[in-house]
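**Q** what's the 3D shape of this:
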Amino acid sequence: MAKQLLETLPDQTKKLITRYLDMRPVPLGKIAKEFGVKVFTSPLEQGISGQIAKENGDFVIRINKYESRQRQRFTLAHELAHYFLHKDIIENEGPIKDNILYRSGKSDTVEAQANRLAAEIIMPDEKIKSDLNQLRKNMDEETFDMIASKWEVSNQALRIKLSTVGG
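**A** Numbers count the residues shown, from 1 in each chain. Predicted structure coming up:
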């Protein structure tokens, strides 16, 4: 398995994030607050899931208020990942605005990194492995729904995680 992006973050950043990874669902708002990132649900333009920008010296994440709770959570994790990995891009090039496919006009690498780190934060490998093993034994929709609900993620996000985490 590839090295986790979380492991590449500065030790203090990793330590602060890790404090919250034992909780289900992972409290993304608390993580944002820990780093002084302001989070708002807003009526964003159609097709935009979220954005992160530096406004008046603060990093601000806006999440589309019209999307599902699970989608909003993954979007928040994705935008936080941009904060942790791509702060320099935000500061030098301006806001990152992600559409519903988590594409922003930035490189595919930037978006792939944000997706990977978002998944690591919202569904930590070590904490979700037992749930994923249960899924491997019983691949029915009811089990998917129950586990996705526990982590407050979509079934699609859970299926992607299932394919990337070893047992």
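
**Q** partner strands of the host helix or strand of residue 62, with direction?
**A** Using DSSP states H and E, residue 62 sits in strand 58-64. Strand 58-64 pairs in its sheet with strand 38-42 (parallel), strand 48-55 (antiparallel), by DSSP bridges.

**Q** list the contacts of the last one.
**A** By that I understand strand 48-55. With contacts defined as CB atoms under 8 Å, 6 or more residues apart in numbering, strand 48-55 is touched by 37, 44, 59-64, 67, 71, 75-76, 78-79, 82-83, 90-91, 94-100, 102. Glycine gets a C-beta too; all of them are placed from N, C-alpha and C.

**Q** what subset of the residues you listed is buried?
**A** For these, a neighbour count by 16 or more other CB atoms under 10 Å gives the buried set as 37, 44, 59-64, 67, 71, 75-76, 78-79, 82-83, 90, 96-99, 102.

**Q** tell me which entries of these lie within helices.
**A** Using DSSP state H, the subset of these located in helices is 71, 75-76, 78-79, 82-83, 90.

**Q** tell me the one of the residues you listed nearest residue 165?
**A** In terms of CB to CB, no member of those lies closer to residue 165 than residue 78, at 18.3 Å.

**Q** excluding chain neighbours, what is closest to the closest one?
**A** Using CB to CB, 6 or more residues apart in numbering and skipping the chain neighbours, the partner closest in space to residue 78 is residue 118 (4.3 Å).

**Q** and that neighbour, what does it touch?
**A** Counting by CB under 8 Å, 6+ apart, residue 118 touches 74, 77-78, 80-81.

**Q** can you redo those as JSON lines with distance to residue 149 and pLDDT?
**A** Output for those, formatted as JSON lines (distance: CB to CB, whole Å; pLDDT from 0 to 100):
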{"residue": "74", "distance to residue 149": "14", "pLDDT": "93"}
{"residue": "77", "distance to residue 149": "17", "pLDDT": "96"}
{"residue": "78", "distance to residue 149": "20", "pLDDT": "94"}
{"residue": "80", "distance to residue 149": "22", "pLDDT": "98"}
{"residue": "81", "distance to residue 149": "23", "pLDDT": "96"}
